[in-house]
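1. Structure for this input, please:
(one chain, ligands or ions: 2)
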Amino acid sequence: MPRIAHEDIVGWLREDHPAALQQLFARADEARRAHVGDDIHLRGLIEISSFCVRQCHYCGLRAARSMPRYRMSRDEILAGAHKAVELGFGTVVLQAGEDYGIRAAWLAEIIRTIKKETPLAITLSLGERRRSELCQWREAGADRYLLRFETSDPALYAAIHPQRGASVRDRIAILRELRELGYEIGSGVMVGIPGQTYEMLARDIELFESLNLDMVGIGPFLPHPDTPLGAPGVRTAGPDQVPSSEWMVLKAVALTRLACPEANLPSTTALATINTLDGREHGLQSGANVFMPVLTPAPYRRMYEIYPGKACLDEDAMRCNRCLRDRIESLGRTVGTGPGGRFTRTASQSVPTLRSQPRFTPQAKSPSPLVVLR
Ligand code: SAM
Ligand code: SF4
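-> Ligands and ions are numbered 1, 2, ... in the order given. Predicted coordinates:
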């Protein structure tokens, strides 16, 4: 049985009353504390290539855009991994466009070297690569893979994510393959994609739960003017259109924490971009427990322009690290150490089961303890 009923998720997504929403955020924060604790895990993000063969209608890296592109060298990637260790991070995330110039064997050797020379966990986020490639990287030591399904609605997905060739292998099928290969799997969506309705976003959250994701990334859709979805007059879902506002993202993060209490949830850079002052903190207070500071070398950062105006674009890694640690401490939270993989409780660590308590509903008024745990 799902932890939150469909109509309750829709009800909360449509809820606008600040006092009611504070209650939702408080419950998500409580679930976060009970299931994954007060640690915030820092994952160093290295954007290793801006080449991409895809034409996603939302993304500034889409192949149709003519712009300078880069692919980092082996030594640059290894230097980034060592920087992550120096800054005290437990994980490095290697992300890129879907770039077949990243040869499977070449990356496998880099993964093996990082594993040999550092204690880092390695997360990959490289798009829809072939099963044999995913297998090779897993065997080389990669621990996790991030692949957002972007929307669970097949028609909207087809409209914003053009198919390449005749492949019938979609992102949800690939997530299942990744699980079979032994990866921890992460997915997610953008909130406020033109055409996304409240019903669709609710089903996205239900899918996070049914896929039993280890990580879920949720950020606002930020229009890029050089993409089809960033063009003026783009078609929306009218009165049912989900806005790409900070509140809407926080609601989705909070509901995801309640639906997937053990998952690692980042407070995303996109959220920090729509509220540069304290968007990050708001994410962490609404259920998130991960930050992903960017370690991409400065000359490449500007070229990895998924959307304009990305937060902290000019921050150097050292300053960014200090700033994030200060923000974490100001919330009374702690910086996680070690790889920070999915936290699954053993019987002796288990939090009280609240099976017998009433279901979590939008109507609940009292600040009752968590009521959505299995
Ligand atoms: N190429 C890989 C992939 O697509 O999975 C990884 C890189 S891709 C840039 C990472 C994520 O950026 C996408 O999954 C998408 O959710 C997000 N993204 C792309 N365009 C965006 C936009 N305009 N606003 C917010 N997020 C965006
Ligand atoms: Fe390429 Fe990923 Fe951007 Fe799609 S979202 S265009 S696959 S980088």
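2. any idea how far stretch 133-141 is from the chain center?
-> 21 Å (CA atoms, centre = their mean, to the nearest Å).
3. touching ligand 1 at all, it?
-> No: on the criterion CB under 6 Å from any ligand atom, stretch 133-141 is out of touch with ligand 1, staying 12.8 Å away. For the C-beta atoms, the positions are set from N, CA and C on the backbone; glycine is no exception.
4. So for that stretch, mean pLDDT?
-> The average pLDDT within stretch 133-141 is 98.
5. Would you mind listing the buried residues in it?
-> Neighbour-count burial for stretch 133-141, counted by 16 or more other CB atoms under 10 Å, picks out 133-138, 140-141.
6. mind putting those residues in a markdown table, distance to Ser245 included?
-> Converted to a markdown table, the buried residues of stretch 133-141 look like this (distance: CB to CB, whole Å):
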| residue | distance to Ser245 |
| --- | --- |
| Glu133 | 38 |
| Leu134 | 35 |
| Cys135 | 40 |
| Gln136 | 41 |
| Trp137 | 37 |
| Arg138 | 38 |
| Ala140 | 41 |
| Gly141 | 40 |
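7. So which of the residues you listed belong to helices?
-> Residues from the buried residues of stretch 133-141 lying in helices, with DSSP state H as the criterion: 133-138, 140.
8. where does the chain dip in pLDDT?
-> Along the chain, segments meeting pLDDT under 70 span 343-374.
9. Name the single longest helix found in it.
-> Longest helix in the chain, counting by DSSP H: helix 18-36.
10. which element follows it toward the C-terminus?
-> strand 39-49 (DSSP states H and E).
11. which element follows that next one toward the C-terminus?
-> helix 74-86.
12. Show the subsequent helix or strand relative to that next one.
-> Toward the C-terminal end, the helix or strand that comes next after helix 74-86 (DSSP H and E) is strand 91-96.
13. anything in that following strand near ligand 1?
-> Yes: Strand 91-96 reaches ligand 1 (CB under 6 Å from any ligand atom) through Gln95.
14. Need the contact partners of that strand.
-> Contact with strand 91-96 is made by 41-52, 71, 77, 80-81, 84, 102, 107, 114, 118, 120-127, 143-144, 146, 292, 295, 339-340, as judged by CB atoms under 8 Å, 6 or more residues apart in numbering.
15. so how far is that strand off the chain centroid?
-> 12 Å.
16. before we move on, what about stretch 244-251?
-> With CA atoms, centre = their mean, you get 15 Å for stretch 244-251.
17. hmm, back to that, and the longest helix of the chain, what's buried?
-> If you call a residue buried by 16+ other CB under 10 Å, then helix 18-36 has these buried ones: 21, 23-25, 27-32, 34-36.
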